[in-house]
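In: 3D, please:
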Amino acid sequence: MRHYDDVLVLGIESTAHTFGVGIASSKGLILSNINSTYVPSKGGIHPREAAEHHSKVASQVVLKALEVAHVNLEELDGIAVALGPGLGPCLRVGATLARALSLMLNKPLIPVNHAVAHIEIGRLDTGFKDPLVVYVSGGNTLIAAFNEGRYRVFGETLDIALGNCIDVFARKVGLGFPGVPEVEGKALSWKEFVKLPYTVKGQDISCSGLLTAALRKVNEGRRLEDICFSLLETAYCMLVEVTERALVHTSKREVLLTGGVARSKLLSEKLKLMAKEHGAKFKAVRAEYAGDNGAMIAYTGALALKHGIMIKVKDGGIRPRWRIEEVEVPWRREE
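Out: Below is the predicted model:
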């Protein structure tokens, strides 16, 4: 039985390569988390091909999520959807479906920011209350913390995301997708560290020059294992450096790693050691909730709905460049 002040929400995720549907309550009960990921036959994510994949699997993913949750559509209190940030063609699939369900069921439509959702599922999964957040994925790299009603950015990438840097490197050298586990596996056989560009500018990092240099070294004939190790060491240490500065600046006592790259044991170990030096606790979100998933949209949508956040269907357009600082987070203010 749900408590009288609890709400149950279906959430739709379609910002990039994953089409996901989750059902969750504002009390933190995840009833289902069903996801289907588009994997390109070659190259990186092709937005229109990914969108076609999402369109094909959408109905079966929704039905599976309802089946696993043992919930019917009429029992839902709202429909949440990630409206951004993300890839336009992919976002449109989720937004179109969410608007249709909202109209058909006469249920509130709830806008969810993808980055905020990664943070909220991370807080739920780890039990952290007020962490410094390190959000690292294929499309995003930022360090954030809650302050005065919103999540504020205390560092980010100036160009490509850290996950994208490693994924592209892996693809170019024939290691496949996803790139992070493949590159980390290859790096275990390293013998020599190869110096690569270490680019930290204030609180931000830059990964494009690092990627170019790493690929150049491989083309010059350097051992692939050595370049994999050197790429990871350089990229992860850049990230840890700016995270450490943010930790000192914000005086937070918890460090949360979330996003797809949170599956990296190597990055987790580096951040854990840094946090320990400053007397802070560290946790990474579990693998099930690290990558893009429907459950994080459903849970964040439930929190939002409980605090009166909803939009008219006609206002449910996508927001591909929706910044995290633009989002009010009333449930955190209440805490």
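In: only C-alpha atoms for contact and neighbour calcs from this point on.
Out: OK.
In: what about the strands in the stretch 201-335 of the chain?
Out: 204-205, 254-258, 281-284 (DSSP state E, counting those that start in this stretch).
In: Pull up the pairing partners for the longest one, direction included.
Out: So that's strand 254-258. strand 132-136 (parallel), strand 281-284 (parallel) (DSSP bridges).
In: Sort out which residues of the very next helix or strand once past the first one are buried, please.
Out: Looking back up the chat, that one is strand 132-136. Proceeding C-terminally, strand 132-136 gives way to strand 141-147 as the next helix or strand, assigned by DSSP states H and E. Judged by neighbour count using 16 or more other CA atoms under 10 Å, the buried positions of strand 141-147 are 141-146.
In: packing partners for strand 141-147?
Out: strand 132-136, strand 150-156, helix 224-250 (3 or more CA pairs under 8 Å, 6 or more residues apart in numbering; DSSP states H and E).
In: 7 Å instead?
Out: Counting contacts by 3 or more CA pairs under 7 Å, 6 or more residues apart in numbering; DSSP states H and E, strand 141-147 is packed against strand 132-136, strand 150-156.
In: so which of these comes closest to residue 106?
Out: strand 150-156 (29.6 Å; CA to CA).
In: what's the most buried one of the strands paired with strand 254-258?
Out: strand 132-136 (a mean of 27; mean count of other CA atoms under 10 Å).
In: before we move on, back to that, okay, the strands paired with strand 254-258 in TSV with distance to residue 237 and mean pLDDT next?
Out: Conversion of the strands paired with strand 254-258 to TSV gives the following (distance: least, CA to CA, whole Å; pLDDT from 0 to 100):
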stretch	distance to residue 237	mean pLDDT
strand 132-136	13	98
strand 281-284	16	98
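In: Looking at those strands, which is nearest to residue 245?
Out: strand 132-136 (11.0 Å).
In: and the nearest residue to residue 309 once chain neighbours are set aside, what does it touch?
Out: Leaving aside its sequence neighbours, residue 309 sits nearest to residue 110 (CA to CA, 6 or more residues apart in numbering; 6.5 Å). Listed by CA atoms under 7 Å, 6 or more residues apart in numbering, the contact set of residue 110 reads 78-81, 301, 305, 309-311.
In: Now the buried members of those.
Out: Of the contacts of residue 110, these count as buried by 16+ other CA under 10 Å: 78-81, 301, 305, 309-310.
In: Going by distance to residue 175, which of those residues wins?
Out: Once CA to CA is applied, the member of the buried ones among the contacts of residue 110 that ends up nearest residue 175 is residue 81, at 33.3 Å.
In: ok, what's across the strand from that closest one?
Out: residue 12, residue 111.
In: burial count for residue 42?
Out: The number of residues packed near residue 42 is 10, by other CA atoms under 10 Å.
In: phi, psi of the residue sitting nearest the centre point of the chain?
Out: Closest residue to the average C-alpha location of the chain: residue 259 at 3.6 Å, with CA atoms, centre = their mean. Here is the backbone geometry of residue 259 (degrees, to the nearest 10): phi 100, psi 170.
In: you'd agree it is up against residue 290?
Out: Yes. Checked against CA atoms under 7 Å, the pair residue 259 and residue 290 is within contact range at 4.7 Å.
In: quick one: contacts for the residue nearest to the centre of the chain?
Out: Per CA under 7 Å, 6+ apart, neighbours of residue 259: 118, 135-137, 290-291.
In: Tell me which of the strands of the stretch 201-335 of the chain sits nearest to residue 73.
Out: Using CA to CA, these put strand 254-258 closest to residue 73, at 30.1 Å.
In: what's the angle from that closest one to strand 141-147?
Out: 140 degrees (axes from the mean of the first three to the mean of the last three CA atoms, to 10 degrees).
In: okay, the angle between strand 254-258 and helix 224-250?
Out: Using the same axes, to 10 degrees, strand 254-258 lies at 140 degrees relative to helix 224-250.
In: before we move on, the earlier item: now the helices and strands packed on strand 141-147 as TSV including distance to residue 271?
Out: Putting the helices and strands packed on strand 141-147 into TSV (distance: least, CA to CA, whole Å) gives the following:
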stretch	distance to residue 271
strand 132-136	9
strand 150-156	15
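In: nearest to residue 105, of those?
Out: Going by CA to CA, the one of the helices and strands packed on strand 141-147 nearest residue 105 is strand 150-156, 31.1 Å.
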